[in-house]
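>>> Okay, sequence plus prediction incoming.
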Amino acid sequence: MTANLSITVVGAGSWGTALAIQFARTGRRTILWGREEDHLDRLQEDRENQQFLPGARFPETLEIQPNLPTALGDADIVLVAVPSHVFRRVLESLRPHLGAQVRLAWATKGFELSTGKLPHQVAEEVLGDAIPKAVLSGPTFAREVGAGLPSAMTVAATDESYARELAESISGESFRAYTSTDIVGVEVGGAVKNVLAIGAGICDGLGFGANTRVALITRGLVEMTRLGVALGAQPATFMGLAGMGDLVLTCTDNQSRNRRMGLALAEGKTVAQAETEIRQVVEGVKAAEAVHQVAGQAGVEMPICEQIYRILYEGANPREAVTALMQRALKSEFSPDG
């Protein structure tokens, strides 16, 4: 059955385009839909996404479809690749057009700011629990996936057979997907790493060096794990691709929009100025506020994420924020409130 699957990707930005290209590379019928018809017209004419993913040519099996009901009509799997702040709205627009056979997946990362819910919780509210659901996440930059460079990610679903089928559908010569049943852990990893990447960019922009960067990544991983476990995740998930893997990638390479946001803040630019320069959604900005709220409600100590929140939303000086972290009371490395 896997070989004959029809897949529709919703979201024609850089990541949605890269995932559609990878699915199409495997020879499966793949449809890409986005909300801006002019943008889709250009994709069809150019056979690449020159705006968000230049140079990544579309396989012949990748179709561009501007009509949403048509794009969804025969889909076996619908993969949503949109920013977290529009995830609910997009699902609501899909709901009337989803066939009885459809299964849902998403590559959206982040908590819903207004509710503090993870994507799977939003999907349950909008679509109910009858539709099988999965999340794709891991250390994957869109440009490298689009270029066909070797990459790996995690596919998590409560239904192991669906996770396996989805992993088989996207895996190919240069792409490998591993399966998991820990949706919560995979989603928490994807949300928190974006916040920490802003911090890594700030530290590097201030010239603090490799020691600082590695300390932030390591202690940031502890904070990520602490929050995930409090929300019901499995600790081992954070040592895998969707945890440590995605965190290291996003904190250390300037392809990361979140890291570039931190670099810009270290130069004294405002969030608005940095977003104008980056010209794409920087998920970590909204994620910082959401993580601040969720951690507070869960009673979880996340001092690094808290300082990043203060820089973004309270005007805290970045150097002073680092000093505040360094002057905290000394504790055991594995203290629950470290």
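Arrived safely.
>>> what about E144, which SS state?
Assigned state for E144: helix (three-state reduction, DSSP: H, G, I helix; E, B strand; the rest coil).
>>> I'd like the average pLDDT over stretch 158-169.
Average pLDDT, stretch 158-169: 96.
>>> Let's see it as CSV, backbone CA atoms only.
Taking Å, rounded to 0.1, in the frame of the first residue of the first chain, the C-alpha atoms of stretch 158-169 are listed here in CSV:
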residue,chain,number,x,y,z
THR,A,158,0.6,6.8,18.7
ASP,A,159,-0.1,4.1,16.0
GLU,A,160,3.2,2.4,15.4
SER,A,161,2.0,1.0,12.0
TYR,A,162,1.2,4.5,10.8
ALA,A,163,4.5,5.9,12.0
ARG,A,164,6.3,3.1,10.1
GLU,A,165,4.2,3.6,7.0
LEU,A,166,4.9,7.3,7.0
ALA,A,167,8.6,6.7,7.6
GLU,A,168,8.8,4.3,4.7
SER,A,169,6.9,6.8,2.5
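>>> Look at the closest residue to P119 other than its chain neighbours and say how many residues are nearby.
Closest residue in space to P119, ignoring its immediate chain neighbours: T108 at 5.1 Å, by CB to CB, 6 or more residues apart in numbering. Placement of C-beta: from N, CA and C, glycine included. T108 has 29 neighbours, counted by other CB atoms under 10 Å.
>>> just E37 next, same as before
10.
>>> Let me know whether it touches P66 as I believe.
Yes - between E37 and P66 there is a contact under CB atoms under 8 Å: 5.0 Å.
>>> quick one: L231 from T225, how far?
11 Å (CB to CB, to the nearest Å).
>>> Run through the residues that contact the residue lying closest to K269 once chain neighbours are set aside.
Leaving out its chain neighbours, the residue that sits closest to K269 by CB to CB, 6+ apart is E277, at 7.7 Å. If you count contacts by CB atoms under 8 Å, 6 or more residues apart in numbering, E277 has them with R260, A264, K269.
>>> The residue nearest the centre of the chain - nearest residue in space that isn't next to it in sequence?
For the chain, K109 is the residue whose C-alpha lies nearest the centre (CA atoms, centre = their mean; 3.4 Å). Nearest non-adjacent residue to K109, counting by CB to CB, 6+ apart: G190, 3.5 Å away.
>>> How much space separates that neighbour from L227?
The value you get for G190 to L227, if CB to CB is used, is 12 Å.
>>> who's more crowded, these two?
Shown here are G190 and L227; by other CB under 10 Å, G190 has more neighbours (29 against 23).
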